[in-house]
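>>> Sharing a model prediction with you, sequence too.
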Amino acid sequence: MAWYSLPTRRETSIILFSFTIFVLFYNLESSFQQLRTLQGWVAHGVSKQSGVAGDVNWEEELYGDWTLEELQVAKNAEVRYQEFVKNSASLWGSRERAPANYHSEIYGTVGVNDGYIHWSEELPTTTVVKHVPGSTILDHVFLFNGTVYLVTDDPSFPPVDAIVSSMEKLTQVPKPSHWQVLSTEKGREILGQYGGLIHGVTWLCTDANPSNYTLFSLWRTYSSLNTTLDPADPLVLSPPRRIFYPNIPTLIGDRPEMNAPVLPRLRSPSGFHPYLPKAAFPTLGLMFQEDWDDFASMQAPFLLRRVVVSDSGAARHYKDDIPPFAVPLVQLPASQHWWEPIRRNVAAFLGVEHEVKRIGSKTVIITYLSRQDDPDGPKLRESDHDALVDMLDKLGKNYVVNVVHASAPWSERITAILQSTVVISAHGSHLADSVFMTPSARSTLLEIFPPGTVTRDAQLSVNSLGINYVAWWHDKPYDAKSIATPSTSNFGEIPVDAAALAKVIRKI
C-alpha cells in the first residue's frame, strides 16, 4: 500500500536520532585518531600551529606489534578438546580402547582429578611391606566386582589364608570370589589397562565381630613402619584415610519395608566407641558393607595404594596361644613409644595434658571403673564393691580417687584414665580403654577376675606400652603361669577382699 501521509514528529525524531548514531559510530575510528593526534601533541610539547605531531606510532603503542595468526584461536580450542578426550576415558567404557600413554603421577596434595590411573601393560604388582598371620601391610591391592585381587609373581608371597580367612568359617581359606592371588599376566587379562585410584592408607578389618582392640591392633601393625619414634616426636606416618568393614552392615537389624513404620536402628559395633576415631584419627572415615557393595557394583577396578589388613581368623589359624589382636604386639617390631602419638591426640582433644603435669609426682591417681550399673557382664559383689570404694577413700592424702560408673560419658571415662596412675576394674572388654594411661614406672592396671576366669587381652595390651599389670582374684594375685592359660569366661558376681587389695595398691 502506498504511503501518502507525511511522517509524524515522533517518526521524524526517530529517523534523525538513528542517522546521528550511525554517523557517529561510522566515523568513530577517525574521531579517535584525531584525539590520539591531539594527545601526542600535548605529550611531546608540540603546538597545534606547528603542524607536527611527532613520530609516535599510536597503532603500535595501543595494540602492540604482534600479528594474529589466522584461525589460531580455533586451533587452540581443538588442541584442548583433543587433550580432554584423550585423558577422560570412562571407567565404564571399553578398557581396550583406552589410551596407553596416560599415567597419573601424584605430587603433594591429591586433587579431585587424581582418582584415575592408566597403567596400560605396566600393571602394578602387590608387594608385602609387613606381615604376621592376620596382620599385613600391602601395597597395590585391587578391588574389582567385590573381589580383592593380589597381583604378584613372587613365589615367597605369603599364602592368602595367612592374610585373611573365609567369611563363612574362620579356619578355612577365603573363596576365590572374595580374595584371589593373580599372576601379572592373568591380572592384565582380568583388570584391563586402567581403573580408579584410591589414595592414602586404607585399613581393612574383615571380622564380622571386631574386637575392642581393633583400632589399637591396626595402629600397632601400621606403626611397625617406624621403629625409631621418640616420645616427643609428632605423628610422622601418614594418617589412615578410611577403615573398611566389608562384613558389617552400617546398622543392626533387618532393613525395614518401604511402607513400614520408621524405627530407629543402632549402629553396628566397630570395635571402638564412635567418638574415639574422631579424637584420635580425625581424618579416618568408616565404611561398611554397603560401601563395599557400592564399589563391587560399579564394574570398574579400583587400585588401593596401601592397605593394612586385620583378620582374626587368619591370626587364630596360625597362632592360637594368644588373642588374635595381639599377634602384631608380640611379633612385629615397633618403637617403645609407638602408641604415644595417638594417646597425645586424645589427651589434647580432651584438654587434659596440663592436668597431668599439674599433679605432683608423689600423688597416686586411682580410677575405679565401676560396672555395678552395667546390666550385662561381670560386676563385683555389692557388699565387696561398697567395701572397695570405702577402702579407696581412706587411702590417705597422697591418693586421688575417681569412681567412674559404666553409664558415664565417654569423655569423662577417658579423661579419668588419661590422668590415672592406677586403674582398677572388674574383668571386661571395657578395659581396652586402659591403653590411654600415661606409661610410667608406676602405671598399673589391676583387673579383678571372676572365679575360674583368666584372659590375657588386657595384660598383653598394656604390657606392650610399658604399663604394669596385675590380675586379681578374691584375695590374691594370679601368677604369670596361671595367666598364660586362658579359661572360659564366667559372668557372675565377683568376690574381692578390699583389705588385701589395699596392700597391693600401697606398694605401687
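Looks like it arrived, so ask away.
>>> so what's residue 262 closest to, chain neighbours aside?
Closest residue to residue 262 in three dimensions, ignoring its sequence neighbours and counting by Cβ to Cβ, 6 or more residues apart in numbering: residue 256, at 7.2 Å. Just so you know, the C-beta spots here come from the backbone N, C-alpha and C atoms, and that holds for glycine as well.
>>> Which of the helices or strands spans that neighbour?
In this assignment (DSSP states H and E), residue 256 forms part of neither any helix nor any strand.
>>> The stretch 51-200 of the chain: strands as residue ranges?
Here the stretch 51-200 of the chain has its strands, by DSSP state E, counting those that start in this stretch, at 116-118, 127-132, 135-144, 147-151, 179-182, 194-205.
>>> and the next element down the chain from the worst-scoring helix or strand of the chain on mean pLDDT?
Sorting the helices and strands of the chain by mean pLDDT, DSSP states H and E puts helix 353-358 at the bottom, at a mean of 51. On the C-terminal side of helix 353-358, the nearest following helix or strand under DSSP H and E is strand 364-370.
>>> So in that sheet, which strands flank that next one, and in what orientation?
Using DSSP bridges, the neighbouring strands of strand 364-370 in the sheet come out as strand 399-405 (parallel), strand 422-426 (parallel).
>>> Quick check: can you name the pairing partners of the next helix-or-strand element following it and their directions?
From strand 364-370 onward toward the C-terminus, using DSSP H and E, the following helix or strand is strand 379-380. With DSSP bridges as the criterion, the sheet partners recorded for strand 379-380 are strand 493-494 (parallel).
>>> Rounded mean pLDDT for the partner strand, please.
If you average the pLDDT over strand 493-494, you get 88.
>>> What lies in contact with that strand?
Judged by Cβ atoms under 8 Å, 6 or more residues apart in numbering, the contacts made with strand 493-494 from elsewhere in the structure are 378-382, 384, 426-427, 448-451.
>>> quick one: the residue nearest to residue 262 and residue 264 touch, right?
No: distance between residue 256 and residue 264: 10.7 Å, which falls outside the contact criterion (Cβ atoms under 8 Å).
>>> Between the two, which has more neighbouring residues?
More neighbours sit around residue 256 than around the other of residue 256 and residue 264, counting by other Cβ atoms under 10 Å; the figures are 11 against 5.
>>> quick one: that one from residue 292, how far?
Distance of residue 256 to residue 292, given as Cβ to Cβ, to the nearest Å: 22 Å.
>>> now residue 169
Going from residue 169 to residue 292 by Cβ to Cβ gives 20 Å.
>>> residue ranges with poor pLDDT in the stretch 251-400 of the chain?
Residues of the stretch 251-400 of the chain meeting the criterion pLDDT under 70: 353-361.
>>> cutoff 90 now
In the prediction, the stretch 251-400 of the chain carries residues with pLDDT under 90 at positions 252-266, 269, 282-283, 317-321, 352-363, 374-379, 396-397.
>>> In three-state terms, label the closest residue to residue 230 other than its chain neighbours for me.
On the basis of Cβ to Cβ, 6+ apart, the spatially nearest residue to residue 230 that is not a chain neighbour turns out to be residue 337, at 6.6 Å. Counting by DSSP: H, G, I helix; E, B strand; the rest coil, the backbone at residue 337 sits in coil.
>>> Hmm, residue 337 is touching residue 228, no?
No: in terms of Cβ under 8 Å, residue 337 does not count as a neighbour of residue 228; the distance is 9.8 Å.
>>> These two - which one has more neighbours?
Residue environment comparison for residue 337 versus residue 228 gives the larger neighbour count to residue 337, 18 against 8, counting by other Cβ under 10 Å.
>>> Ramachandran angles for the more buried one?
When read as degrees, to the nearest 10, the backbone of residue 337 gives phi -110, psi 30.
>>> From residue 132, how far out is it?
Note on residue 337: its distance to residue 132, by Cβ to Cβ, is 21 Å.
>>> what's around residue 193, how many residues?
Per other Cβ under 10 Å, the neighbour tally for residue 193 reads 21.
>>> do the same with the one 5 residues further on
When neighbours are defined as other Cβ under 10 Å, residue 198 has 19 of them.
>>> so who does it touch?
Under the criterion of Cβ under 8 Å, 6+ apart, the contact list for residue 198 reads 115, 143, 302-305.
>>> now residue 499
Taking Cβ under 8 Å, 6+ apart as the test, what residue 499 contacts is residue 391.
>>> Buried among the contacts of strand 493-494? Make that a ChimeraX selection.
Paste this into ChimeraX to select the buried members of the contacts of strand 493-494, with burial taken from 16 or more other Cβ atoms under 10 Å:
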select :378,379,380,384,426,427,448,449,450
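>>> Tell me the one of the contacts of strand 493-494 nearest residue 407?
Proximity to residue 407 was ranked across the contacts of strand 493-494 by Cβ to Cβ; first place goes to residue 379, at 12.8 Å.
>>> And for the closest one, nearest residue in space, chain neighbours not counted?
Closest residue to residue 379 in three dimensions, ignoring its sequence neighbours and counting by Cβ to Cβ, 6+ apart: residue 371, at 4.4 Å.
>>> From residue 311, how far off is residue 429?
Separation of residue 429 from residue 311 (Cβ to Cβ): 19 Å.
>>> Name the residue in these two with the higher neighbour count.
Neighbour comparison, residue 429 and residue 311: the larger count goes to residue 311, with 25 against 14 (by other Cβ under 10 Å).
>>> shouldn't that one be in contact with residue 163?
Yes: Residue 311 is within contact range of residue 163, at 6.8 Å (criterion: Cβ under 8 Å).
>>> okay, and the common contacts of these two?
Shared contacts of residue 311 and residue 163, counting by Cβ under 8 Å, 6+ apart, come down to residue 134.
>>> Mind putting the strands paired with strand 364-370 into JSON lines with distance to residue 440?
Supplementary listing: these in JSON lines, determined by distance: least, Cβ to Cβ, whole Å:
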{"stretch": "strand 399-405", "distance to residue 440": "15"}
{"stretch": "strand 422-426", "distance to residue 440": "11"}
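>>> Out of the strands of the stretch 51-200 of the chain, which gets nearest to residue 401?
With Cβ to Cβ, the closest approach to residue 401 among those belongs to strand 194-205: 36.7 Å.
>>> Check which residues of that closest one are buried.
Counting neighbours by 16+ other Cβ under 10 Å, strand 194-205 gives 194-198, 201-205 as buried.
>>> Which stretches in the stretch 51-200 of the chain count as helices?
58-63, 72-87, 184-191 (DSSP state H, counting those that start in this stretch).
>>> Once you drop chain neighbours, what's closest to residue 241?
Nearest non-adjacent residue to residue 241, counting by Cβ to Cβ, 6+ apart: residue 200, 3.6 Å away.
>>> Report the contact partners of that neighbour.
By Cβ under 8 Å, 6+ apart, the contact list for residue 200 reads 110, 238, 240-242, 305-306.
>>> hang on, the earlier thing: tell me which of the strands paired with strand 364-370 sits nearest to residue 176.
Closest of the strands paired with strand 364-370 to residue 176 is strand 422-426, at 45.0 Å (criterion: Cβ to Cβ).
>>> Mind checking what helix or strand follows that closest one in sequence?
Using DSSP H and E, the next helix or strand after strand 422-426 towards the C-terminus is strand 444-448.
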